[in-house]
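Asker: model this:
(2 chains)
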Amino acid sequence: MIELTPEQRQAAEQGEPVRVVDPATQDAYVLLRPEVFDRLTGAPHSADEEDPFEIPPGILRSMQAYWRDLPELLKSRRNGDKWVLYHGDERVGIERDKVTLMREVARRGIAGDAYYVAVIHDRALPPWEPEEIEPIGPSRFDDYQEEP
Amino acid sequence: MKILDRLPYSHEPVTLAVRGDAVKVKPYQIVVWVSISVEGLPAWDPRTPRFPAILDTGHNHNFAIGRSQLLRWTGLDPRLLAPRGTIRDKGQRLPLHAADLWLFPNRPGFPDVRVDAEPYRLRVEDGIAIYPDASAPRLPLLGLRALTLNRLRTVIDGDRMQASIGTALPWWWPFS
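Answerer: Now for the predicted structure:
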């Protein structure tokens, strides 16, 4: 049986190819996650193989409406630090506290995957864009390289 | 308003009991007690379980927790928490989920939670990061972004080995 080292396991989880060697035959193999393999071979995606991190379309549309309106919202100092609720393209409301907006979500019967609620403040990236954060865990120092 | 009032931390390891788990806190780690609930609850529900997290100003997002810890310590399945996009940690995509995060006040000068006070609701508009167990932090992390976006004043007193967190004083407050 071929066992993965912690580094190999982490690489595999991140979708990177992992080279493994069969100790009995010394034959080398490359281990890939199924979705990476499918991508490389051009295999069609089935309906139940959705990207687990994909933002539901209703939330994404609401995020895009927020991002579209944000420069305008930031022009008014009265909006500063308040919460805003979007349902698709519609701006439902602006309130000082989130709970009031969530009550409106419940009152309108808006589904959990169809709205976006956020604070009105300057931000560097659109909310749907993945931000690179400071790594957590034992790999934290991997980025460091000795100075030449 | 004070949330954490002279919360002590130690130069020795400490073991805590959390829902049947023995949790080791390492020296010089500041332990805060938090709860997670679904987003936008009208009020605090006292039945919500609390668990420890490390105050980590080096963590530059709101809150990070492993999937199994979330399940075991909060009873919440990540699927109950609405998606809020993703972050990347060394290239690995990780899901963000909408949630309310509650920070418990301590008994002033002591590590134990004040039982006569409700926790403080932290706004975490970009959600909390849920890590797969293999790459999760050993203990959940409360990051600097949550403290900043909630305009909290955090003071670490290295002389007394205590940490305090409070809401910012109003601009008209005459004493600093």
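
Asker: now the residue of chain B found nearest chain A, nearest residue through space, not along the chain?
Answerer: Of all residues in chain B, the one sitting closest to chain A is B:Gly40 (2.8 Å; CB to the nearest CB). (Each C-beta comes from the backbone N, C-alpha and C, glycine too.) Nearest-residue entry for B:Gly40: A:Met102, 2.8 Å, with adjacent residues in sequence omitted and distances by CB to CB, 6 or more residues apart in numbering or on different chains.

Asker: give me the neighbour count for the one you found.
Answerer: A:Met102 is flanked by 22 other residues according to other CB atoms under 10 Å in any protein chain shown.

Asker: return the distance of the helix or strand that it is a member of from the chain's centre.
Answerer: Secondary-structure element containing A:Met102, defined by DSSP states H and E: helix A:98-108. In terms of CA atoms, centre = their mean, to the nearest Å, the gap separating the centre of helix A:98-108 from the centre of its chain is 25 Å.

Asker: tell me which parts of chain A are close to chain B?
Answerer: Chain A has residues A:9-10, A:13-14, A:52-53, A:55-56, A:59, A:63, A:83, A:98-99, A:101-103, A:105, A:112-113, A:117-119, A:121, A:127-137, A:139, A:142 near chain B, with proximity defined as CB under 8 Å from any CB of the partner chain.

Asker: where do the helices sit along chain B?
Answerer: Listed from the start of the chain, chain B has helices (DSSP state H) covering B:67-74, B:144-149.

Asker: mind listing what's buried in the first one?
Answerer: Read that as helix B:67-74. Of all the residues in helix B:67-74, those buried under the rule 16 or more other CB atoms under 10 Å in any protein chain shown are B:Arg67, B:Gln69, B:Leu70, B:Trp73, B:Thr74.

Asker: mind listing the strands in chain A by residue range?
Answerer: Applying DSSP state E to chain A gives strands spanning A:18-21, A:28-31, A:83-87, A:90-95, A:115-119, A:131-133.

Asker: now do the longest one and strand A:115-119, the angle between them.
Answerer: What separates the directions of strand A:90-95 and strand A:115-119 is an angle of 40 degrees, with axes from the mean of the first three to the mean of the last three CA atoms, to 10 degrees.

Asker: for strand A:90-95, which residues meet the burial criterion?
Answerer: Across strand A:90-95, burial judged by 16+ other CB under 10 Å covers A:Val92, A:Gly93, A:Ile94, A:Glu95.

Asker: next one: stretch B:19-33
Answerer: Going by neighbour count (16+ other CB under 10 Å), the buried part of stretch B:19-33 is B:Val23, B:Val25, B:Gln29, B:Ile30, B:Val31, B:Val32, B:Trp33.

Asker: again with stretch A:20-31
Answerer: Using 16+ other CB under 10 Å as the burial criterion, the residues of stretch A:20-31 that qualify are A:Val20, A:Leu31.
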